[in-house]
Structures are given as structure tokens and as C-alpha cells.
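1. After the sequence you'll find the predicted model.
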Amino acid sequence: MPDSRFPGLGTAVVPMLGRVAYMQKMMGALTKSVPDHLQVIGPKFAGKTVILHELAIQLRQPHSPYTAVLVWDLGHQTPSTEALLMKGLARELAAALKTSHPDYAEHLRSTQDNPYQEIAEVLDALVSEGAKVLAIMDGFDKPASNSNLTRNLWDQLLDLCRKPSLRMVTASRQSLYDLLRSPESKTSDFWDIFVKIRLDCFDESDLTAVLKKMPEWVLTAGAQTELWNASNGFPVFVLEVLDAVCKESKSGAVSPETVRAACDSALTALWDKLDALWNDCPATCRHLMRRVLEEGSVAKAGIPIADWEKLTERGFVQAAQNKLQRPNRLLHRYLEEQPDEASALGHLFGAVGPYQKNLRGVFERRISQIIGIDPGLKFLLEKGTEDFPDHPLIFLGTVHQFLEEALKIIWKAECWDDENDKPKVPTEWFSCWQRNLEKNRKIEDWKSRFPESGERLGLLNLITGTQNTDRLARFVTKNTYVLANAVQGFRDYFVHPKASEIDTGTAYAALHVCVELAAALTRELPPAHPALTK
């Protein structure tokens, strides 16, 4: 058998095949008189890293307008704090400038206190020399979704990117703005500087380029049709099937039957990739995919764009003539061997591994059931489900923000001072607590200031009813207090952990409590209440 013609994932980045149109578009955007900042978006296995490395090769050539090109993989060993990310940028920039500007490189390597200022000074110096640096940031999903990174960092990066000597290219599975957990981070103008480039599946010209790598084999028209039916052009599917063709058939004309046999052979190698791509889709997308499989084609009208785009960008279906059609045969085979989601609870949740994997879909469906949920809370919950089961720690980092948003909704409904645009404890509450001899020692302090931090849960407990005092809240009930108090516990656990490892089950419990707190608020506050519309 010949060696693999199209090697898959490994330690080395494979050469780019096809994608000429994308490369021309990106090169044009980065070499024009005022270059753009670019954001490359595509699902896992779409070839983002391959394209970025080819871009780096092209722009390191002697004719390039860039003095230095750095490629930084942020998807592995991701900096967890603002200081570490800025220090990492200084380190990568120093390595890139080592040959062309050794003095600047040494200056950046010696940086101790404030790498942001040092980077800015170097970039200003490069402007005076007419030099430019291209920073290619792969795996930008991780820092963008880290709620511990604040607007201050993004504004600093914005300031650096506004300098003529720096251009940035990022790669992520979603739009960077959509990845953000923190509402404050969303207000930074950093996210507006990028021109978005979305990776689609291979087209005919891409396939022609790929087939040139296997000239001994010639795919007949019928064989190419079978290849499209199996893959819809998703790169990793196309390459794995063609690799199987080369390994298991003689050179010469390749028939449709040969391609179908190669699909069967490639399925084993593609199983984990299919599994990852399928489970990366939310429950609504998976339901839509099953509809296409059952009905053959489904009209796009009335279907959220985000749902059908997730299917088409993975090559699961093809969008044509306002319909979703041609379901991916490889995915179909994969799904045939999956348990029936409607009835096979034992298969879905009978062991720890499947339980942790499939519970995510349960939460996705539960969130979709909460009609009228506050958009901010829904956003945080949806992002939280995306982090399971592989990255539960990232979700726990958003619990603090979730609780802050939930409490703000409660105070807006129960005790908001419109004149000063902030919460205020009503005078009549103090009178009631005094008559009923409530013993919370912080009550007197609240006459001059609104409760802070954990004290707010004490206030919520009081207004939802105690042994001495009936419920004072107009809307929220003791259900809300119990859930919010539990969220506070998870929040404290994350901020002050006793151990370095966070159990996945504990993180799932936190997610469940957050979901039900959002449901309680949606249920208890009137649908038209301003707290749910602001």
C-alpha cells in the first residue's frame, strides 16, 4: 500500500491544498496600501491552521511588505491572565524580530513590568523605519472566551493594532464577538476592526487542485458525484476518502463503486472527527439535521440562520435553492450507529463518559424551553453549554458574571431608584424588619448604602420571606433566593478554589443551577417587565 497521500492531524502542519481564492483574498487585504486586520472563521477541521501557515510562508518571502511574521498558537497553553497574554505577545514579537531588528527583539525580551508599553514603543519605532509586523493568532477562541480577560486588554490590543506597523490575523471557530462572555468586553471597539473571512467547504476548483496530488488515479464523473455526496466538500472528509481510494484501489479510472467502498473504509478513521463535529452542534442543529435525513430536503424559511450555517459549514448538508439537501453520507452512517436519542436513556446516560457527553444536549434543550429569558442570561448559558464536557473550568469562570446579571435583573424589578439609576433599599422595608425584630446586623448599614458582594444574598433572603417576616418582594420568591444563593457558592468556589482540579460533575451542577435560576426569573417576573427587556 502506498504512503498516505493526504496525511491528517499530526504534530506538523500539512501543506495547503486548494483554497487559492481564499489565499488571494487574504494576500490582497494584507498587502494593499492600508492593510486590513483579518478574522478567519471556520469549524474544527476546516483547515484554518493550514491556511494561516501558508499565509505566513507567503508573507515571509523577500518581496513581502512585512519585516517580520509571527504565528502564535493560542489554542494550546493559553495565557490565563492579561499580564501573561501581553508578556506572551512580547515574547512572540521578539522572536519574530530577532533577525531583522535584533535590538528591538532584545529590548522586548528584557521587558519586566509593563510589556504593553514596551510593545507600543517598538511598534512606534518600526513606523519610523517604514517596517511592518504581521501577527497571526491561531486559536483565538480561547482568550476571547476567557471571562477573566477584561476590556482593558482588548483596548490595549486595539491601540497596538491601530499602529501602522502592526496587522493582526486571528482564527477561531466562531466570530470573536460571539465568543465573548463579558458584556463589558463587548463594548470594546477591538472587535470592530476585523474583516471577517468565513471558510466554506471545498469547491470544484479546490477539488481539481487536490486531485492533481494523485495523478495516477482519475475519478470519473460518477465517482466525483459520489465524493460530493459523501463529503459535501468538507476538507477532512474529502481528503480521508481520497486517501482510502489511493490505498485500496489500483491506479487508473476510479468508479463510483470504488469511491463508495473508500467511504466505508474511511469511516473508521473519520469517526472521532465526525463525533467531535456532531457534538459541537447545539441540540437545535442536530434536530434539523435529522429532519433533513428523514425528509430529504428542508426549506430554509423560518429556520434560524445560525442553525443551518453550522450544518453547511461542516459539510453535513448542502444549501441550494433555499433548501437544505444532500445530507452527508458519512455523517448518515455515523448517526445510524448512534443510539435513538428519544428512547435510549441507558445508552446516553448509563456510564460516566456518555453521561457527561450527552448531558450537554439536555441543558441546550432546557434553555430553549425558557421562553422570554433575558438575552444576556441566555447568552451566558449558551456559551456555558459549549464548554462542556471538555472545558468546564471556562464555564465556572462565567458564573460570577451570570450572578451579577441575575441580581441586577432582580434589583431592577424590586427596588430600583430610577432617579439615580441604581438600586436602593426602600424605607418601608426597614420599618417592617424593625417591627419584626430581624437580626441581620447589616440592615442598619443598608440605610446609607446598598448591600455589596455576599450581603446582597442576605437582602434577597429577607425580601423573599423569613420566619419573622412575610415576603416583601413584589415578584421574586424564595425559589429565586435558594438558587441564587447556590450560584453564589459556586462563584466563591471558583474564585477561591481549594484544589487545582474542578470536577466536571460539580461544574455541570453549577450550570444546572444557573439554568433554573434563569427559568425562575423568567417565570416570576411579568413578561413585559422592563427588567427583562433592558
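-> That came through fine. Residues are numbered from 1 along each chain as shown.
2. May I have the predicted confidence score for S297?
-> Per-residue confidence at S297 stands at 92 (pLDDT).
3. neighbours around it, how many?
-> S297 is flanked by 16 other residues according to other C-beta atoms under 10 Å. In short, each C-beta sits where N, CA and C put it, glycine included.
4. Go through the helices and strands of the protein and name the one with the lowest mean pLDDT.
-> The least trusted helix or strand in the chain, going by mean pLDDT, DSSP states H and E, turns out to be helix 345-349, with a mean of 65.
5. Nearest residue to the middle of the chain?
-> With distances taken as C-alpha atoms, centre = their mean, the chain has L179 as the residue nearest its mean C-alpha position (4.6 Å).
6. what's the nearest residue to that one if we skip its chain neighbours?
-> Counting by C-beta to C-beta, 6 or more residues apart in numbering, the nearest residue to L179 once its immediate chain neighbours are dropped is A144, at 4.2 Å.
7. A262 too?
-> Distances taken as C-beta to C-beta, 6+ apart put A244 closest to A262, at 3.8 Å, once the chain neighbours are dropped.
8. wait, isn't that neighbour in contact with T258?
-> No. Contact between A244 and T258 fails when scored by C-beta atoms under 8 Å: they sit 9.5 Å apart.
9. These two: who's more crowded?
-> In this comparison of A244 against T258, neighbours counted by other C-beta under 10 Å, the higher total goes to A244 at 24 against 20.
10. and that one, what helix or strand is that in?
-> helix 235-248 (DSSP states H and E).
11. Same question for D200.
-> Counting by DSSP H and E, D200 is held by no secondary-structure element, helix or strand.
12. and the gap between it and G233?
-> In this view, D200 and G233 are 8 Å apart by C-beta to C-beta, to the nearest Å.
13. and what of I394?
-> Shown here: I394 relative to G233, a distance of 32 Å by C-beta to C-beta.
14. mind listing what's buried in the helix or strand harbouring Y104?
-> Remark: Y104 resides in helix 102-109, with elements defined by DSSP H and E. Across helix 102-109, burial judged by 16 or more other C-beta atoms under 10 Å covers 104-105, 107-108.
15. so what's M23 up against?
-> The contact partners of M23, taken as C-beta atoms under 8 Å, 6 or more residues apart in numbering, are 16, 51, 54-55, 58.
16. Flag every buried residue along the one helix or strand it maps to.
-> Using DSSP H and E, M23 sits within helix 20-31. Within helix 20-31, the residues that qualify as buried by neighbour count (16+ other C-beta under 10 Å) are 22, 26, 29-30.
17. after that helix comes which helix or strand?
-> Proceeding N to C from helix 20-31, the next assigned helix or strand is strand 37-41, under DSSP H and E.
18. So which residues of the stretch 151-300 of the chain form helices?
-> 151-161, 176-179, 183-186, 204-211, 221-231, 235-248, 256-279, 283-295 (DSSP state H, counting those that start in this stretch).
19. Looking at those, which is nearest to I193?
-> Proximity to I193, assessed across the helices of the stretch 151-300 of the chain by C-beta to C-beta, is greatest for helix 151-161 (5.8 Å).
20. Which residues outside that closest one are in contact with it?
-> 37, 82, 85-86, 116, 119-120, 123, 166-168, 182, 184-185, 187-191, 193.
21. Return the members of the residues you listed classed as buried.
-> By neighbour count, with 16+ other C-beta under 10 Å, the contacts of helix 151-161 hold 37, 82, 85-86, 116, 119-120, 123, 166-168, 182, 185, 188, 190-191 as buried.
22. Kindly indicate which of those residues lies nearest G361.
-> Closest approach to G361 among the buried ones among the contacts of helix 151-161 (C-beta to C-beta): S182, at 26.1 Å.
23. Measure how buried the nearest residue to that closest one once chain neighbours are set aside is and give me the count.
-> The shortest distance from S182 to any non-neighbouring residue, by C-beta to C-beta, 6+ apart, is to S147 (5.2 Å). Using other C-beta under 10 Å, S147 has 21 other residues around it.
24. and if you look at the one 4 residues further on?
-> The tally of other residues near R151 (other C-beta under 10 Å) stands at 18.
25. same check, this time on the one 3 residues further on
-> Around W154 there are 24 other residues, counting by other C-beta under 10 Å.
26. The helix holding A244 packs against which elements?
-> Using 3 or more C-beta pairs under 8 Å, 6 or more residues apart in numbering; DSSP states H and E as the contact definition, the elements that helix 235-248 packs against are helix 204-211, strand 217-219, helix 221-231, helix 256-279.
27. buried ones in the second one?
-> This means strand 217-219. Buried positions in strand 217-219, judged by neighbour count with 16+ other C-beta under 10 Å: 217, 219.
28. same check, this time on stretch 434-444
-> By neighbour count on 16+ other C-beta under 10 Å, the buried set for stretch 434-444 is 438, 440, 443.
29. with these in mind, which one is nearest to C281?
-> When those are compared for distance to C281, the smallest value, 47.7 Å, is given by N440; criterion: C-beta to C-beta.
30. Apart from its chain neighbours, what residue comes closest to that closest one?
-> G458 (5.8 Å).
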